[in-house]
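Peer 1: Provided below are the primary sequence and the corresponding predicted coordinates.
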Amino acid sequence: MPILPSCVVLGQNDGTDAWVSVRGTAEVYRPSVEETDLMVGAESADGRVPDWVMTTVRERMISGKRCVIRVALDEVFAARLPDADDDVRPGDHAT
C-alpha cells in the first residue's frame, strides 16, 4: 500500500547547511536481476568502494534482503540550497 511520506535529505558535511524536504508517494520496489545489474553493476564505479561491497549489495538486492524505495515526488516542501537565490519555505510548495 503506498504511503505519503515526507523526507528530509541533508547535504554532505561540506560546510554548508543544505537540506531539502520533499513529499510524495513511496513504495517498496524489488528490481529484477537485470534491473539490479543496471543499478549496481558487478564492479564499483567509485574507487573508494571495493568490488566486494558491490557484489554483496547486488546479492542482497536479488535475495530480497535489500530493496529500493521508489518515490514519486509530488512537491519540494521546503529547502535550503547553498547556490539558490531564495530558499523554498513551507507554503511556497515548489513543484
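Peer 2: Great, that's in hand.

Peer 1: can you pull out the helices in the protein?
Peer 2: Secondary structure of the chain (DSSP state H): helices located at 33-39, 51-63.

Peer 1: what angle do the longest strand anywhere in the chain and helix 51-63 make?
Peer 2: Among the segments of the chain that qualify as a strand by DSSP state E, the longest is strand 68-80. In terms of direction (axes from the mean of the first three to the mean of the last three Cα atoms, to 10 degrees), strand 68-80 departs from helix 51-63 by 110 degrees.

Peer 1: so which elements touch strand 68-80?
Peer 2: Counting contacts by 3 or more Cβ pairs under 8 Å, 6 or more residues apart in numbering; DSSP states H and E, the secondary-structure elements packed against strand 68-80 are strand 19-29. Heads up, the C-betas are built off the backbone N, CA and C, glycines and all.

Peer 1: list the buried residues for the strand it packs on?
Peer 2: By neighbour count, and taking 16 or more other Cβ atoms under 10 Å as the criterion, the buried residues in strand 19-29 are Val20, Ser21, Val22, Arg23, Gly24, Ala26.

Peer 1: same check, this time on stretch 67-84
Peer 2: By neighbour count on 16+ other Cβ under 10 Å, the buried set for stretch 67-84 is Val76, Phe77, Ala78, Ala79.
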